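Participant: Predicted model and sequence below, questions to follow.
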Amino acid sequence: MGIYFLEFAARPGESLEQSKRLGGAHINCWVRAGTASEAQTTAAADIKARGWIIETVESEPRVEAQPPASALEYFEQAKIDGSCYVFHTWPIAGHSEQSLH
């Protein structure tokens with residue numbers, strides 16, 4: 001088993017208190033799994049269980065053999081707990097529907 005990194009874009013479901021103030025999040029995921037597919041399925045289920053609605057897969061699962069120093073803490077936490085999620089949120093008014101590219 002390896003530690004996979006992947007990223008989703010999501011918005012809070014209406015049942016979450018944060019839905020009144022957050023427009024969405026980029027969710028960085030580190031998941032211990034046997035395959036990329038298993039990592040993505042596990043991460044998606046965990047995020048949905050927290051009340052978030054996944055809109056897109058921003059980064060496909062890839063094995064993290066040498067995480068960057070900025071992600072080492074999350075990588076190590078995933079080794080202990082099986083997963084680690086970091087939500088980079090923005091306020092409702094802070095998100096534009098226009099493409100940046």
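Facilitator: Nice, thanks for sending it over.

Participant: who are the neighbours in contact with the most centrally placed residue in the chain?
Facilitator: By C-alpha atoms, centre = their mean, the mean C-alpha position of the chain lies nearest to I27, the distance being 2.8 Å. Applying C-beta atoms under 8 Å, 6 or more residues apart in numbering to I27 gives the contacts 7-10, 47, 52, 85-88. All C-beta atoms are positioned from the backbone trio N, CA, C, and that covers glycine.

Participant: Would you mind measuring from it to P68?
Facilitator: 18 Å (C-beta to C-beta, to the nearest Å).

Participant: Same question for E58.
Facilitator: Per C-beta to C-beta, E58 is found 17 Å from P68.

Participant: what's the answer for A44, then?
Facilitator: Distance of A44 to P68, given as C-beta to C-beta: 24 Å.

Participant: Surely E55 is in contact with A10?
Facilitator: Yes - using C-beta atoms under 8 Å, E55 is in contact with A10, at 5.8 Å.

Participant: if I look at those two, which residues touch both of them?
Facilitator: Residues touching both E55 and A10 (C-beta under 8 Å, 6+ apart) are G24.

Participant: quick one, which of those two is more surrounded?
Facilitator: The residue with more neighbours, out of E55 and A10, is A10; 22 against 12, by other C-beta atoms under 10 Å.

Participant: picking that back up, give me the nearest residue to the residue nearest to the centre of the chain, chain neighbours excluded.
Facilitator: F8 (4.7 Å; C-beta to C-beta, 6 or more residues apart in numbering).

Participant: and the one you found, how many neighbours does it have?
Facilitator: 22.

Participant: in the helix or strand where it lies, what counts as buried?
Facilitator: Secondary structure from DSSP states H and E places F8 in strand 2-12. By neighbour count with 16 or more other C-beta atoms under 10 Å, strand 2-12 contains the buried residues 3-12.

Participant: what are the ranges of the strands in this structure?
Facilitator: 2-12, 22-33, 52-63, 83-91 (DSSP state E).
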